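In: got a sequence here, can you build the structure:
(2 chains)
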There are 2 protein chains.
Amino acid sequence: MAPPLYQVVMNTIVDRIASGSLPSGAMLPSETQLGAELGVSQGTARKALMELEARGLVQRVQGRGTFVTVRTPETSLFNFFRLRNPDGTLESPRLEWETVRRRAATPEERAELFGRPESVIEIERVRSLAQRPVTHEVSVVSAALFPGLADRVPLPNTLYVFYQQAYSVIIVRADERLSAHAVSEASAKALGVPAGTPVLEVRRRAIDVLDRVVELRSSQSLTDQHDYFVSVS
Amino acid sequence: MAPPLYQVVMNTIVDRIASGSLPSGAMLPSETQLGAELGVSQGTARKALMELEARGLVQRVQGRGTFVTVRTPETSLFNFFRLRNPDGTLESPRLEWETVRRRAATPEERAELFGRPESVIEIERVRSLAQRPVTHEVSVVSAALFPGLADRVPLPNTLYVFYQQAYSVIIVRADERLSAHAVSEASAKALGVPAGTPVLEVRRRAIDVLDRVVELRSSQSLTDQHDYFVSVS
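Out: Now for the predicted structure:
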């Protein structure tokens, strides 16, 4: 069965955003222009724009038009870094150290990541809040999708903004599995806490605008002074 | 500043769903009918319906119309019980025991719950998966908003469906704060695990269709055999 027409329109716009031909902040064609260009009704064009807005890819400004959502380090951090003070406020985490290495993909990484990569780049980081290391994380991406990434260290603090600006890879959501465990040996060392300390483990699959799994990330965090905020519906 | 017209239309429909005059599964008026009835354009009526659909309150069925979302114990459990097997599948948790008591609200509960209740009803439960107690949870609701609830024990397994059917309180989302800790003394006893066992603590504020905080819930779960699944964007 062919997909509904508005989805065809959506996919066309998503491709333009992903390829960079519609960059961050650019104004989209009007519903009428879009309809004429793609040979669909104005109602179909409107539905496509509404769906894109619901996914956070574009923003409609009353009386002005529709624009590609601007992702800044601040908005990306707010959306994807979920550790907050008990009152819900967010402090910017400080990057304490990172190591970046290229290595062969494990069978699990090959199976999960888009493109079934032979090689991956692994980014290991420790972040601190209020002068205290709180998160030890390891992110893994396809070396083919992010060519030359290992040579660009030190990497910017906010990886997702960097992925978009340097590689046109736009992460829009992440599936996460959370669990509580005694800290791993590696994270105990990285965070400077004794064996047995309880940590929040988050295993994340980050998904881009083209619905591809583009990053696997595993982190262990101390949550005695911060909480991990999420919303369910 | 007056809210946009489509929001006025949305609120009218939300009130009808919350009051039960549009029950679960009922068909809504068409865009044309709605526009005529409320004196707005068809476009405004359409935008209101699309927003309601995005919030999960109604479902549009191609060629048939728009219907109030049916919430069953299964869909409610799937949406709000987030502990899953490692492969993502959901087992129905078994209710091992519950105690329900009425008591005075703490100052924090009064400040957080809708209506600033003097009295609350506290529902304490242990749930098990695969014959093993995994979650110890305490839910607190306003006694004024849920009259007679304490006399209706045993309560149904799925509280949110019960709230909707018995009290027309429709929970649509929940804000959660997660953290990892050594198990509390009460949860250690309830779950039958030794002191020091790491648990995932979830503190939830459940919000209903009228945007009111109607339930506070705190739980401690064992996550050595299950993960807590969420999505962020």
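
In: what mean pLDDT does the helix or strand residue A:44 falls within have?
Out: For residue A:44, the host element (DSSP states H and E) is helix A:42-54. Average pLDDT, helix A:42-54: 89.

In: with stretch A:123-133 instead?
Out: For stretch A:123-133, the mean per-residue pLDDT is 95.

In: go ahead and produce PDB holding the CA coordinates of that stretch.
Out: Extracted C-alpha coordinates of stretch A:123-133, given in PDB (Å, rounded to 0.1, in the frame of the first residue of the first chain):
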ATOM      1  CA  ILE A 123      33.800   8.500  22.700                       C
ATOM      2  CA  GLU A 124      34.400   8.100  26.400                       C
ATOM      3  CA  ARG A 125      33.600  11.000  28.600                       C
ATOM      4  CA  VAL A 126      33.300  12.100  32.200                       C
ATOM      5  CA  ARG A 127      31.000  15.100  33.000                       C
ATOM      6  CA  SER A 128      30.700  16.900  36.200                       C
ATOM      7  CA  LEU A 129      28.100  19.100  37.900                       C
ATOM      8  CA  ALA A 130      29.000  21.500  40.700                       C
ATOM      9  CA  GLN A 131      32.700  20.500  40.500                       C
ATOM     10  CA  ARG A 132      31.900  16.800  41.100                       C
ATOM     11  CA  PRO A 133      32.200  14.100  38.400                       C
END
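
In: touching chain B at all, that stretch?
Out: No. Interface with chain B: stretch A:123-133 contributes nothing (C-beta under 8 Å from any C-beta of the partner chain), its closest point being 13.8 Å away. For every residue, glycine as well, the C-beta is placed using N, CA and C.

In: chain B contacts on chain A?
Out: Residues of chain A lying near chain B by C-beta under 8 Å from any C-beta: A:50, A:54, A:56, A:79-80, A:82, A:84, A:86, A:172-182, A:196, A:198-201, A:203, A:221, A:223-224, A:226-233.

In: and the residues you listed, which of them are buried?
Out: For the residues of chain A next to chain B, a neighbour count by 16 or more other C-beta atoms under 10 Å in any protein chain shown gives the buried set as A:50, A:79-80, A:82, A:84, A:172-174, A:176-182, A:198-201, A:221, A:223, A:226-230, A:232.

In: among the residues you listed, which are in helices?
Out: Of those, the ones assigned to helices by DSSP state H are A:50, A:79, A:80.

In: what residues are up against the first one?
Out: Put plainly, it is residue A:50. Contact analysis of residue A:50 by C-beta atoms under 8 Å, 6 or more residues apart in numbering or on different chains lists B:47, B:50.

In: looks like residue A:129 contacts residue A:223 (just checking).
Out: No. Between residue A:129 and residue A:223 no contact is recorded; they are 11.0 Å apart, counting by C-beta atoms under 8 Å.

In: give me the common contacts of those two.
Out: Listed as contacting both residue A:129 and residue A:223 by C-beta under 8 Å, 6+ apart are residue A:83.

In: pLDDT-wise, which helix or strand of chain A ranks last?
Out: The weakest-scoring helix or strand in chain A, judged by mean pLDDT, DSSP states H and E, is helix A:73-80 (a mean of 81).

In: now that helix - C-alpha only, CSV.
Out: The C-alpha trace of helix A:73-80 is given here as CSV (Å, rounded to 0.1, in the frame of the first residue of the first chain):
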residue,chain,number,x,y,z
PRO,A,73,23.8,23.7,22.2
GLU,A,74,21.4,25.0,24.9
THR,A,75,18.2,23.4,23.5
SER,A,76,20.0,20.2,22.7
LEU,A,77,21.4,20.0,26.2
PHE,A,78,18.0,20.8,27.7
ASN,A,79,16.3,18.0,25.6
PHE,A,80,18.9,15.3,25.9
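
In: which positions within that helix qualify as buried?
Out: For helix A:73-80, the neighbour count (16+ other C-beta under 10 Å) marks A:76, A:77, A:79, A:80 as buried.

In: and the next helix or strand past the helix holding residue A:44?
Out: By DSSP H and E, the next helix or strand past helix A:42-54 is strand A:58-61.

In: could you list the low-confidence segments of chain A?
Out: Scanning chain A for pLDDT under 70 picks out the ranges A:1.

In: pick out the residue nearest the middle of it.
Out: By C-alpha atoms, centre = their mean, the mean C-alpha position of chain A lies nearest to residue A:171, the distance being 3.8 Å.

In: relative to residue B:156, how far out is it?
Out: Going from residue A:171 to residue B:156 by C-beta to C-beta, to the nearest Å gives 40 Å.

In: and the helix with the most length in chain A with helix A:42-54, angle?
Out: Secondary structure of chain A per DSSP H: the longest helix is helix A:5-19. Following axes from the mean of the first three to the mean of the last three C-alpha atoms, to 10 degrees, one obtains 50 degrees for the angle between helix A:5-19 and helix A:42-54.

In: so which bits of helix A:5-19 are buried?
Out: Within helix A:5-19, the residues scored as buried using 16+ other C-beta under 10 Å are A:5, A:6, A:9, A:10, A:13, A:14, A:17, A:18.

In: how about those residues, which pair is most distant?
Out: A:5 and A:18 (20.4 Å; C-beta to C-beta).

In: so what touches stretch A:211-218?
Out: Defining contact as C-beta under 8 Å, 6+ apart, one finds that stretch A:211-218 is touched by A:109, A:112-115, A:137-142, A:145, A:159, A:163, A:169, A:171, A:201-208.

In: I am finished for the moment; much appreciated.
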